[in-house]
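Colleague: I would like the atomic coordinates for the input below:
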Amino acid sequence: MTAKKPLYERDPEAWRAHLAEGNATQPRKRVGADVLIRDDDGRLLLVDPKYKPDWDLPGGMSEANEPPAETARRELKEELGFDIRPGRVLCVDWVSPHGPWDDSLMFIFDGGVLSDQQIASLTLHDDELRAFVFCAEDEAAKRLRPYVWRRAAAALEAVRSGMAVYLQDGWSTRKLR
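Modeller: Okay, the predicted model is just below:
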């Protein structure tokens with residue numbers, strides 16, 4: 001007596017329908033991607049969004065089925081007219097549900113150190129931003145919301161150490177244990 005073949009071998013269409021049904025019931029996560037960009041003095045590039053009360057790192061929310069690195073690239077181009085391929089992932093932060101928002105995954109990619117010429121080419125390109133500025137870490141800590149600063153500080157440490165980090169609500173998971 002031969003064993004019955006699994007559904008994916010017997011009926012690939014039924015298997016695909018089974019997977020699609022499961023996919024339709026799975027939760028969706030919001031994903032965002034920011035870029036850590038510095039100047040020659042180590043100052044961080046921050047942006048001032050019109051729709052938020054505080055400054056932020058350049059970047060934004062992913063569109064449907066958009067890879068996070070492409071999100072970061074698209075947002076930089078749309079907002080500041082700057083087109084670079086973001087470097088390596090510096091941190092991933094799982095942000096718990098808060099206010100009206102479900103949980104999300106927030107990435108920070110390395111945008112490197114910009115030359116004076118690259119900095120001079122930055123311009124406000126859409127209506128989402130009021131301004132942008134390069135500022136020292138202590139100033140960035142004052143301008144960013146505390147959890148965004150924790151994420152940015154972890155990304156800076158990742159630049160220095162060469163090791164990407166995983167965070168939960170901006171806190172190192174090593175501190176959660």
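
Colleague: check which helix or strand covers the residue nearest the centre of the chain.
Modeller: Centroid check for the chain by C-alpha atoms, centre = their mean gives Ala33 as the closest residue, at 1.9 Å. Element membership for Ala33 (DSSP states H and E) is strand 30-38.

Colleague: try Ala131
Modeller: Taking DSSP H and E as the criterion, the element that holds Ala131 is strand 129-135.

Colleague: Can I get the very next helix or strand once past that strand in PDB? Just the C-alpha atoms.
Modeller: Sequence order places helix 137-143 as the next helix or strand after strand 129-135, per DSSP H and E. Coordinates of the C-alpha atoms in helix 137-143 are reproduced here as PDB (Å, rounded to 0.1, in the frame of the first residue of the first chain):
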ATOM      1  CA  GLU A 137      24.200  63.800  19.700                       C
ATOM      2  CA  ASP A 138      23.300  65.800  22.800                       C
ATOM      3  CA  GLU A 139      21.200  68.100  20.600                       C
ATOM      4  CA  ALA A 140      19.600  65.200  18.800                       C
ATOM      5  CA  ALA A 141      18.700  63.700  22.200                       C
ATOM      6  CA  LYS A 142      16.800  66.900  23.000                       C
ATOM      7  CA  ARG A 143      15.000  67.100  19.700                       C
END
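
Colleague: from the chain's centre, how far out does helix 137-143 sit?
Modeller: For helix 137-143, the distance from its own C-alpha centre to the chain's C-alpha centre is 19 Å (C-alpha atoms, centre = their mean, to the nearest Å).

Colleague: for it, which positions count as buried?
Modeller: By 16 or more other C-beta atoms under 10 Å, the buried positions in helix 137-143 come out as 140-141, 143. Any C-beta I mention is one placed from the backbone N, CA and C, and that applies to glycine too.

Colleague: do stretch 116-136 as well
Modeller: In terms of neighbour count (16+ other C-beta under 10 Å), stretch 116-136 has its buried residues at 122, 128-129, 132, 134-135.

Colleague: Please tabulate the buried residues of helix 137-143 in TSV, including the columns pLDDT and distance to Val95.
Modeller: Written out in TSV, the entries for these read as follows (pLDDT from 0 to 100; distance: C-beta to C-beta, whole Å):
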residue	pLDDT	distance to Val95
Ala140	98	19
Ala141	98	19
Arg143	97	19
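
Colleague: Could you single out the nearest of those residues to Ser172?
Modeller: Checking the buried residues of helix 137-143 against Ser172 by C-beta to C-beta gives Ala141 as the nearest, at 16.5 Å.
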